[in-house]
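Asks: A structural model of the following input is requested.
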Amino acid sequence: MKNLASKLSKSIFKLKSNIKIVTIIGLSIVTFSCTDVVDIAVPTEASRLVIEASLDWEKGSSGNNQTIKLSLSTPYFDTVPNPVTGASVKVENATNGDVFIFEDQQNGSYTISDFVPIINNTYNLEVIYNNETYIAQETLIAVSEINRIEQSLEGGFDEEELDLTIYFDDPVDETNFYYATFLEGDDLFPSRIIMPDEFTNGNEMFILYEEDEDDEEDEILPGDVVDINLFGISEEYFDFLHRLVEQGDDAGNPFATVPTRLKGNCINPENPDNYAFGYFRVTEFVNELYTFE
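Replies: Numbering: from 1, shown residues only. Below is the predicted model of the structure:
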């Protein structure tokens, strides 16, 4: 009986020793594996035309100088832009028949210096590239002046950090949609806010801007300058931006709806599957620079 107990004890000791050895070996494998280069296979597809056609007319200016940019989409890890040259780009005022030809600058930009923006007129875009024709349509939407800008410590989520609010009048008996951007300091991308007048028609409206409450490094301080743009936009462009903002806000959320490819309004009528990325918009906007006190 003692011999059996002794043998069993030795067997358990050996088993424990083996577990330790396996654990050490496993940790070693993990440690050394961390130094390996991992190649991630990202699905790719044929390049697609990208149309950046934002004809934005600053209130009070002529709006004559406009630029449309064309490029080809690139793989996910490719950061080098791929500009398109040799395309034909024109915009027609469908309301009065005026045609505006954009000149190829041989760097992906197509420019014009005599564009004529007219509120509530409809504009048609036509881009011909590589024997394919892409078209889009938008109506030039007006925007109200900004009445005033106020800063405070009380309007946002954090009552110890500065924020600002812009106020403007919404026209009576109209359905309006607004798009505001706020660009501060050295930020590469502006904060974007969209708003309908569904529940505030005909009243003074306001849009609040504050830094992300989770980003402590970007706290607003006295002396900081923010570049504010307020656009009047179409309902179709509002819907597009709403989907774009919604997918951006859901990034990293494991319970969010699976994001889908966003299609703009640039279609290919002869070959619908070969549509272009991007959006053709025609808007009026107001610009203000505000310095925090």
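
Asks: ranges for the strands of the chain?
Replies: Using DSSP state E, the strands of the chain run over 49-58, 66-72, 88-93, 99-104, 109-112, 122-129, 132-139, 146-152, 163-169, 177-184, 191-196, 204-209, 225-233, 277-291.

Asks: Look up how far residue 78 lies from the residue nearest the centre of the chain.
Replies: The residue lying closest to the centre of the chain (Cα atoms, centre = their mean) is residue 244, at 6.5 Å. Using Cβ to Cβ, to the nearest Å, residue 244 is found at 22 Å from residue 78. To be clear about C-beta, it is placed using only N, CA and C from the backbone, and glycine gets the same treatment.

Asks: cool, and residue 102?
Replies: 27 Å.

Asks: How about residue 61?
Replies: 37 Å.

Asks: Surely residue 240 touches residue 280?
Replies: No - assessed by Cβ atoms under 8 Å, residue 240 is found out of contact with residue 280, at 10.7 Å.

Asks: Between these two, which has more neighbouring residues?
Replies: Using other Cβ atoms under 10 Å as the criterion, residue 240 and residue 280 rank with residue 280 on top: 25 against 19.

Asks: Leaving out the residues flanking it, which one is nearest to that one?
Replies: residue 136 (3.7 Å; Cβ to Cβ, 6 or more residues apart in numbering).

Asks: In contact with that neighbour, which residues?
Replies: 51, 53, 124, 125, 264, 265, 266, 267, 279, 280 (Cβ atoms under 8 Å, 6 or more residues apart in numbering).

Asks: neighbours around the residue lying closest to residue 225 once chain neighbours are set aside, how many?
Replies: Spatial nearest neighbour of residue 225, chain neighbours left out: residue 291 (5.1 Å); criterion: Cβ to Cβ, 6+ apart. Using other Cβ under 10 Å, residue 291 has 10 other residues around it.

Asks: coming back round to it: and residue 102 and residue 78? Which one has more around it.
Replies: residue 102 (22 against 10).

Asks: Spit out the contact partners of the nearest residue to residue 51 once chain neighbours are set aside.
Replies: Leaving aside its chain neighbours, residue 51 sits nearest to residue 278 (3.8 Å; criterion: Cβ to Cβ, 6+ apart). Residue 278 is in contact with 50, 51, 52, 53, 264, 266, counting by Cβ under 8 Å, 6+ apart.

Asks: how far away is residue 278 from residue 90?
Replies: Taking Cβ to Cβ as the measure, residue 278 falls 16 Å from residue 90.

Asks: swap in residue 227?
Replies: 31 Å.

Asks: do the same with residue 282
Replies: Distance from residue 282 to residue 90, by Cβ to Cβ: 14 Å.

Asks: Quickly list what the closest residue in space to residue 112 that isn't next to it in sequence is bridged to.
Replies: What sits nearest to residue 112 in space, not counting adjacent residues and going by Cβ to Cβ, 6+ apart, is residue 102, at 4.9 Å. Beta bridges link residue 102 to residue 89, judged by DSSP bridges.

Asks: which sections of the stretch 151-293 of the chain are below the confidence cut-off?
Replies: Scanning the stretch 151-293 of the chain for pLDDT under 70 picks out 154-160, 212-218, 248-261.

Asks: Next: the stretch 1-150 of the chain.
Replies: 1-44, 76.

Asks: change it to 80
Replies: Scanning the stretch 1-150 of the chain with the threshold set as pLDDT under 80 gives 1-45, 76-80.

Asks: residues touching residue 163, list them.
Replies: Contacts for residue 163 (Cβ under 8 Å, 6+ apart) come out as 151, 152, 153, 155, 156, 208, 209, 210, 211, 220.

Asks: And this structure, what are its domain boundaries?
Replies: Following automatic domain parsing, the chain resolves into domains at 49-139, 146-260+285-291.

Asks: Now do the end-to-end distance for the longest one.
Replies: Read that as domain 146-260+285-291. Domain 146-260+285-291 has an end-to-end distance of 16 Å (Cα to Cα, to the nearest Å).

Asks: do the same with stretch 88-101
Replies: Length of stretch 88-101, first residue to last, Cα to Cα: 8 Å.

Asks: cool, and stretch 112-128?
Replies: OK, stretch 112-128 end separation, Cα to Cα: 17 Å.

Asks: Now it: buried residues?
Replies: For stretch 112-128, a neighbour-count test (16 or more other Cβ atoms under 10 Å) marks 112, 115, 117, 123, 125, 127 as buried.
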